[in-house]
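# can you look at this prediction? I've put the sequence above it.
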There are 2 protein chains.
Amino acid sequence: MSSEKTPQPTEGELEILQVLWEHGAATVRFVNDKLNEKREVGYTTTLKLLQIMVEKGLARRDTQSRTHIYEASSSEADMQQNLLQKFVDSTFRGSAMKMVLQALGNSDASREELDEIKSLIDQIEKKA
Amino acid sequence: MSSEKTPQPTEGELEILQVLWEHGAATVRFVNDKLNEKREVGYTTTLKLLQIMVEKGLARRDTQSRTHIYEASSSEADMQQNLLQKFVDSTFRGSAMKMVLQALGNSDASREELDEIKSLIDQIEKKA
DNA sequence: TTGCAACTACGAATCGTTTCGTATATATTT
DNA sequence: AAATATATACGAAACGATTCGTAGTTGCAA
């Protein structure tokens, strides 16, 4: 049981985490460039945010060379699980089922994807 | 196509909406009492928030009598759909499937619930 | 009719997040 | 070597959300 409690990222921090998860450890410059593909963000803004994330424990950094390298300190899946829990609680009053039904009802999932879900369910049911 | 774009509620506003959805139209006093079952909140804090919600269009109010009556202006399901969309985008990079799989993998769903999902999937697949 | 209770309105303090200006250090180019 | 580009650090402004104090109004009870 690794009960490391990573703090919840803010909206802006999550955006940065997405970049780190997708591309792996990166420099401020790289992260900032990625962010700027979507919206305009100042370089020092990204820098500051990354520094705060290190303070909070959301990211780690390697300060060996002058240009620091940052990486996410928890895996994308772990963080997703965290955020999902909170989201289900606040928006679906704790019912993951209702949320799944809502999500499926309005999704444009392919047959393959739907079958994937069904087989996952079969697996779960077998275990029970 | 009713394309009314209700603004996104903040965390505090969502808490209030939950009360309004669960119990229907209510007074500030009632909402405040409900909130206080979970955490301490001042009466005027709740009042202010409800007033802001009316401004934003998240709630409506009947000011006929001295004691105003508030109600949510969008249904719980509509709002859940909104928030789900945003959540999937920001946390699962737009993949509702990944989110559903994550949710199912870690859920303690009963066999009945899982079967419910399967039959929903069957329905969707038939339509396709 | 005086006083207390319950309500709304509103401004402002507080708090967390985001953004950026500026200072400073270190490379790189000319 | 001087000028230029690029990096980090840091403080503080700007912004939004939350919280609450206070004033003013209305209803009700003593």
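Nice, I can see it.
# apart from its neighbours in sequence, what residue is nearest A:K56?
Leaving aside its sequence neighbours, A:K56 sits nearest to A:P7 (C-beta to C-beta, 6 or more residues apart in numbering or on different chains; 5.1 Å). Bear in mind the C-beta positions are built from the backbone N, C-alpha and C, glycine included.
# check A:Q18 too.
Using C-beta to C-beta, 6+ apart, the closest residue to A:Q18 is B:R93 (6.6 Å).
# hang on, that neighbour packs against A:V19?
No - applying C-beta atoms under 8 Å, one finds B:R93 not in contact with A:V19, separated by 11.0 Å.
# which of these two has more neighbours?
A:V19 (20 against 14; other C-beta atoms under 10 Å in any protein chain shown).
# state the distance from the more buried one to DNA strand C.
13 Å (C-beta to the nearest atom of the strand, to the nearest Å).
# same thing with A:M99?
24 Å.
# check contacts around the residue nearest to A:K56.
Contact analysis of A:P7 by C-beta atoms under 8 Å, 6 or more residues apart in numbering or on different chains lists A:56-58.
# let me see the mean pLDDT of the helix or strand harbouring A:D122.
Here A:D122, judged by DSSP states H and E, is contained in helix A:111-127. Summarised as a single mean, pLDDT over helix A:111-127 is 90.
# give me the angle between that helix and helix B:111-127.
Here the directions of helix A:111-127 and helix B:111-127 differ by 160 degrees (axes from the mean of the first three to the mean of the last three C-alpha atoms, to 10 degrees).
# show me how far helix A:111-127 is from its chain's centre.
24 Å (C-alpha atoms, centre = their mean, to the nearest Å).
# what do you get for stretch A:69-82?
6 Å.
# dump it to CSV, keeping only the CA atoms.
C-alpha atoms of stretch A:69-82 as CSV (Å, rounded to 0.1, in the frame of the first residue of the first chain):
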residue,chain,number,x,y,z
ILE,A,69,14.7,19.2,-16.3
TYR,A,70,11.2,18.6,-14.9
GLU,A,71,9.2,15.4,-14.7
ALA,A,72,5.8,14.5,-13.2
SER,A,73,6.1,12.8,-9.8
SER,A,74,3.1,10.6,-10.2
SER,A,75,2.0,8.5,-13.1
GLU,A,76,-0.8,9.7,-15.3
ALA,A,77,-3.0,6.7,-14.3
ASP,A,78,-2.5,7.3,-10.6
MET,A,79,-3.4,10.9,-10.9
GLN,A,80,-6.4,10.1,-13.1
GLN,A,81,-7.6,7.7,-10.4
ASN,A,82,-7.3,10.5,-7.8
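# pull the residues that contact it.
Looking at what lies outside stretch A:69-82 - C-beta under 8 Å, 6+ apart - the contacts are A:4, A:6, A:8-9, A:17, A:20-21, A:24-28, A:31, A:50, A:53-54, A:57-62, B:91-92, B:98-99, B:102, B:106.
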